[in-house]
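J.: I need the structure of the sequence given here:
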Amino acid sequence: MTAISSLLRTTLCCALLLSLTPVFAAEATHDHHAMTASVAAYPLQATVISWQGDRVVLAHQPVSALGWPAMTMPFSLANAQLREGLKPGMVITARFELVPQDSPRLVAWQPQP
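T.: Alright, predicted model coming up:
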């Protein structure tokens, strides 16, 4: 429960800070996985665990820019095309953005070699 409270506090703090930052363009991967202008996007190394409805559950490495440890959590998708080819067991490199009062949102991904 403490880890969830800490994660929620961190997410809310980051959302507040992000509301004060300018808009950046997200880094594009494959054309059908690309996202145009968005808020700050963070890099992520992860393994796809499963799908929970329209959210993908990822076991990700630490996100040092946010002070997040490695953990497993759901991510929403910025668009439906991002679901194409994203399968459990895949190791990916991705970019995500924080969404106030919601799961972080995956904006781009590519399979890791």
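J.: List the contacts of the lengthiest strand in the chain.
T.: For the chain, the strand with the greatest residue count under DSSP state E is strand 42-52. Residues lying outside strand 42-52 but in contact with it, judged by C-beta atoms under 8 Å, 6 or more residues apart in numbering, are 56-61, 63, 65-66, 72, 74, 86-98, 112. Backbone N, C-alpha and C define where each C-beta goes, glycine included.
J.: Quick one: the strands in this protein, in order.
T.: In order along the chain, the chain carries the following strands (DSSP E): 24-25, 37-38, 42-52, 55-60, 71-77, 91-97, 105-111.
J.: Okay, now the sheet partners of the last one, with direction.
T.: So that's strand 105-111. On the basis of DSSP bridges, the sheet neighbours of strand 105-111 come out as strand 71-77 (parallel), strand 91-97 (antiparallel).
J.: got the buried residues for the longest strand of the chain?
T.: Neighbour-count burial for strand 42-52, with 16 or more other C-beta atoms under 10 Å as criterion, is recorded at 42, 44, 46-49.
J.: Can you show me the CA trace of it as PDB?
T.: Included here for strand 42-52 are C-alpha records, laid out as PDB according to Å, rounded to 0.1, in the frame of the first residue of the first chain:
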ATOM      1  CA  TYR A  42       9.900   9.800 -21.100                       C
ATOM      2  CA  PRO A  43      12.000   6.900 -22.400                       C
ATOM      3  CA  LEU A  44      11.200   3.400 -21.200                       C
ATOM      4  CA  GLN A  45      12.700  -0.100 -21.500                       C
ATOM      5  CA  ALA A  46      10.000  -2.700 -20.800                       C
ATOM      6  CA  THR A  47       8.600  -6.200 -21.300                       C
ATOM      7  CA  VAL A  48       5.000  -6.600 -22.400                       C
ATOM      8  CA  ILE A  49       3.200  -8.700 -19.700                       C
ATOM      9  CA  SER A  50      -0.400  -8.700 -20.800                       C
ATOM     10  CA  TRP A  51      -3.400  -6.700 -21.900                       C
ATOM     11  CA  GLN A  52      -6.100  -5.300 -19.500                       C
END
